[in-house]
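S.K.: What follows is a protein structure lacking sequence information:
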């Protein structure tokens, strides 16, 4: 049973120590009135009743704590630790980030989380290397978060009244938590709730007991709180709510200063030496267990994964009737280190390229990474970039470590995930929003046969890989032309990015 933790928050300004609390049953019935909301309860074989008791006791204590906060003098005017998500913050002076082939700057407000600028292509690079490091054409798309006048008026009223709040218990890894928080804010807006306080649950895989305030920083005003259930919003919301999603994901939800500053240090230590690639390699033990795929490390390692999978069948995600071979041929398996190395080499990455490896400890250790390190010897991790004592506060803190990976990866000149997932989706959307930074999305299904075909020459393989991925390197993709299940925070065009003007973002 996951151990619940106390909610830590700083002083909250509120006109009254009393709040309207929406219990689970009325909350669920209220959500059913809105077509945008679908509720999914997490898998549980036999959740003990004591869990529910502890959970509701936690909420009651939280309510008492929020009420007592009113008794504390607010004349000290401390910096709030939560964000006003429903009314627009003051405008900030713009700043620019170089982007795309037309060399027009991407202008954003200072509230947006921005990477270091992409490196210009070196004059000493070969034509193949220049093509690899070149950024995609952003086609003139810029962030645009203009909200309608009706939405603004309603938001001002909700923000002023502050009569409802929600409590959200977010589960999973860092990027899954971010998705749930974004959904929580939108649900709160739909239900006209002004306040939100997230609680991070201990995940059975991540085993991280971090507090929300130790990872994220919602520091622009207001509070939101969501209840202990999975919530899944429709991906096709009214335009104002789609823009709200982007506002939360790319502006409001930030990492706390110590984590952001350390991640920035790591990124600069790479950046100052030249361009670098960030690879999110999903080679951890739990990934192999959940994916139902073979590790490629031999029978001994595959047998370890098989035994775990058989003892915990609930960990296997989706398509339970498929064999490991069928999964591989369908493109559902992670690329291993050697396959990733072959792909980026085929796309033109020089052997001397700096490669940042994001992700947890690979199952199989050095053996699992051998194919990548032999081809690209300049592979580094956050542990290698850190100086003495810099990571001591984050040992065994998987969410904080994932946050550092996210920050360094965002500033990379090229990013490539070895497997689909929340990190890849979050990085795809964020890199698009800040100027369509290069994001290589591997065509797993198309690559499988070619990776296993020993009759193809290296030159032919490289040529096929370039053609296969030419339109999958971070160019603008219209979300409405894709599957309706795609999230606007992964495909921000056209709801959150427009081809005309930049005034909208500065106002919103």
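M.R.: Perfect, I can see it now. None of the values given here were measured: they were computed from a predicted structure. Numbers count the residues shown, from 1 in each chain.

S.K.: mind listing what's buried in stretch 296-307?
M.R.: 296-297, 301-302, 304-306 (16 or more other Cβ atoms under 10 Å). C-betas here are computed from N, CA, C, even on glycine.

S.K.: what about the helices in the stretch 101-250 of the chain?
M.R.: For the stretch 101-250 of the chain, the helices defined by DSSP state H, counting those that start in this stretch occupy 127-133, 149-161, 174-190, 239-247.

S.K.: In terms of secondary structure, what does the longest one contact?
M.R.: Okay, so that is helix 174-190. With contacts taken as 3 or more Cβ pairs under 8 Å, 6 or more residues apart in numbering; DSSP states H and E, helix 174-190 sits against strand 164-170, strand 195-200, strand 230-233, helix 239-247, helix 398-410, helix 422-433.

S.K.: By mean pLDDT, show me the worst of these.
M.R.: Comparing mean pLDDT across the helices and strands packed on helix 174-190, the weakest is strand 230-233, with a mean of 62.

S.K.: Counting neighbours, what do you get for residue 192?
M.R.: 14 (other Cβ atoms under 10 Å).

S.K.: actually residue 256, not the one I typed
M.R.: 18.

S.K.: just residue 294 next, same as before
M.R.: Under the neighbour criterion other Cβ under 10 Å, residue 294 is assigned a count of 19.

S.K.: got a list of what it touches?
M.R.: Taking Cβ atoms under 8 Å, 6 or more residues apart in numbering, we find residue 294 in contact with 288, 302, 305, 324, 328, 333.

S.K.: what secondary structure does it sit in?
M.R.: For residue 294, the assignment made with DSSP: H, G, I helix; E, B strand; the rest coil gives coil.

S.K.: again with the one 3 residues further on
M.R.: Residue 297 carries the three-state label coil when classified by three-state DSSP.

S.K.: swap in residue 333?
M.R.: Once three-state DSSP is applied, residue 333 turns out coil.

S.K.: list the contacts for the closest residue to it other than its chain neighbours?
M.R.: Once flanking residues are discounted, residue 333 sits nearest to residue 293: 3.7 Å by Cβ to Cβ, 6 or more residues apart in numbering. Shown in contact with residue 293 (Cβ under 8 Å, 6+ apart): 324, 327-328, 332-334.

S.K.: One more: residue 348?
M.R.: So residue 348 contacts 128-129, 131-132, 466 (Cβ under 8 Å, 6+ apart).

S.K.: Which pair of the residues you listed spans the longest distance?
M.R.: 129 and 466 (13.0 Å; Cβ to Cβ).

S.K.: Which one's more surrounded, those two?
M.R.: Using other Cβ under 10 Å as the criterion, residue 129 and residue 466 rank with residue 129 on top: 18 against 15.

S.K.: and the more buried one, how far is that from residue 277?
M.R.: Computed as Cβ to Cβ, to the nearest Å, the residue 129 to residue 277 distance reads 12 Å.

S.K.: Common neighbours of the two, please.
M.R.: Joint contacts of residue 129 and residue 277 (Cβ under 8 Å, 6+ apart) are residue 349.

S.K.: I'd like to know which of the helices and strands packed on helix 174-190 is closest to residue 145.
M.R.: helix 239-247 (5.0 Å).

S.K.: Residue 448 is in contact with residue 468, correct?
M.R.: No - assessed by Cβ atoms under 8 Å, residue 468 is found out of contact with residue 448, at 11.8 Å.

S.K.: what helix or strand does residue 321 sit in?
M.R.: Taking DSSP states H and E as the definition, residue 321 sits outside all helices and strands.

S.K.: tally of neighbours for it?
M.R.: The local packing of residue 321 (other Cβ under 10 Å) involves 5 other residues.

S.K.: Ok, residue 406 next?
M.R.: Using other Cβ under 10 Å: residue 406 sits among 23 other residues.

S.K.: contacting residues for it?
M.R.: 174-175, 255, 263, 358, 423, 426-427.

S.K.: Could you check how far it is from residue 278?
M.R.: Applying Cβ to Cβ to residue 406 and residue 278 gives a distance of 10 Å.

S.K.: Show me the common contact partners of these two, please.
M.R.: Shared contacts of residue 406 and residue 278, counting by Cβ under 8 Å, 6+ apart, come down to residue 358.

S.K.: What separation is there between residue 452 and residue 339?
M.R.: 10 Å.

S.K.: The two: who's more crowded?
M.R.: residue 339 (20 against 11).

S.K.: Surely that one is in contact with residue 450?
M.R.: No - Residue 339 is beyond contact range of residue 450, at 10.2 Å (criterion: Cβ under 8 Å).

S.K.: any residues in contact with both of those two?
M.R.: Joint contacts of residue 339 and residue 450 (Cβ under 8 Å, 6+ apart) do not exist.

S.K.: related to what we said a few turns ago, need the helices and strands packed on helix 174-190 in TSV (columns: distance to residue 377).
M.R.: Shown next, in TSV, are the helices and strands packed on helix 174-190 (distance: least, Cβ to Cβ, whole Å):
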stretch	distance to residue 377
strand 164-170	39
strand 195-200	38
strand 230-233	43
helix 239-247	39
helix 398-410	19
helix 422-433	25
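
S.K.: quick one: which of those is nearest residue 158?
M.R.: The nearest among the helices and strands packed on helix 174-190, by Cβ to Cβ, is strand 164-170 at 8.5 Å.

S.K.: Give the pairing partners of the closest one; include direction for each.
M.R.: Applying DSSP bridges, strand 164-170 is found paired with strand 20-21 (parallel), strand 195-200 (parallel).
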